[in-house]
Structures are given as structure tokens and as C-alpha cells.
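In: Next input, structure requested:
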Amino acid sequence: MKRALLLLPLAVFLVGAVFLYRGLFLDPSELPSALIGKPVPEFSLPAVEGHKTLTRADLLGKPALLNVWATWCISCRVEHPVLNKLAQQGVRVYGVNYKDENAAALKWLKEFHNPYQLNINDAEGSLGLNLGVYGAPETFLIDSKGIIRHKFVGVIDEVVWREQLAGLYQALVDEAAQ
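Out: Down below sits the predicted model:
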């Protein structure tokens, strides 16, 4: 009996060590989303620009990147020029201005240009919460029917676009054309 009690801490340690060892090989930027394969959640929020109310229906019709961004997000500043370039190349980019002041967002877009074909003002973070957003920037690839097909957490730079996302986006474009 004493021997079994002495081995118990060793067994607990070994189980913990196996889990920690496994963690060394996980990609921390890959945060799975329970929404993959499901529609973008319903919402009714104001646009960043103008006086229009945007809903899920506004996202339908063509594949797009749904980019969660904010003016307080330092990484978003790094990502923004790439989004501008993608938009100039014909990539459809929608924005979700997350937990931000609208005046700050308007100033940002005027100063750094606006890659967004539509831009949702999510000041309270309700859409972000329903999307399972951890922070900004996060980007969802949605198909023409508004189904979330992929989630990327972090800055989209040219390498990330070329090596990870461009092919996925093009596949959605091709699928929509059929």
C-alpha cells in the first residue's frame, strides 16, 4: 500500500509531462474555431461610415475576408498596408471594427486608407464575441453564402497571404463561380 502511494506522485508527474511535451509541438497562432462550416452569426450593427445598418445578409454574394481590427491594435497597423494591397488586387475585404470608438476608426481609415468594402462598427464587441474573437487582428474566410470556412489569428503579411490564405481564398472564388 505504501509503495502504491509513493508511485502516485510519479504517475501524476508523468501524465503532466506528456501533456506539456505535446504542447511544444502545437502552433500557438492556430486557435480552432467552433464556427468553421457554420454561417457568420446574425447581427444588426451600424456601419463605420455612413448611417447604414449592416446585417449578415450584407456579407452574402461573394467570398471575402472578414477582418477584425481596431485602432488600438498595434498589430493591425502592421497588417493594414497588406489589406490595402489585397483590396487593390480585387480581394474582397470586409471589416469588423472591434471594441473601438467610431471617430477613431474614421480617422484611421482616412489616414491609412480604407481596404474594406463594408465595415461593421462593433463598439460593444457583440459580433466579436459571437465569432469567438480572442483579440485583433483575426480574419475569417467566408464563402459566398456567408459560411465561415477558415479562421486566421494574427497579422496577415505577404508571406502569410501567399503561403496560407491566397489558395484558400482562390478556392472559394472558384467554387462561387461554378
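In: How about residues contacting stretch 131-141?
Out: With contacts defined as C-beta atoms under 8 Å, 6 or more residues apart in numbering, stretch 131-141 is touched by 31, 33-35, 40-41, 63-70, 73, 75-76, 79, 96, 98, 125, 148-156, 165, 168-169, 172. C-beta coordinates here come from the backbone N, C-alpha and C atoms, glycine included.
In: May I see the buried residues of that stretch?
Out: Leu131, Gly132, Val133, Ala136, Pro137, Glu138, Thr139, Phe140, Leu141 (16 or more other C-beta atoms under 10 Å).
In: Can you pull the poorly scored residue ranges out of the chain?
Out: Across the chain, the ranges flagged by pLDDT under 70 are 1-33.
In: What segments of it are helices?
Out: Remark: helices assigned in the chain by DSSP state H are 2-23, 74-88, 102-112, 126-131, 158-160, 166-177.
In: ok so, going back, just the buried members of the contacts of stretch 131-141?
Out: 33, 35, 40, 63-70, 73, 76, 79, 96, 98, 125, 148-156, 165, 169, 172.
In: Now, the residues you listed that are in strands?
Out: Using DSSP state E, the members of these that fall within strands are 64-69, 96, 98, 148-153.
In: Much appreciated, bye for now.
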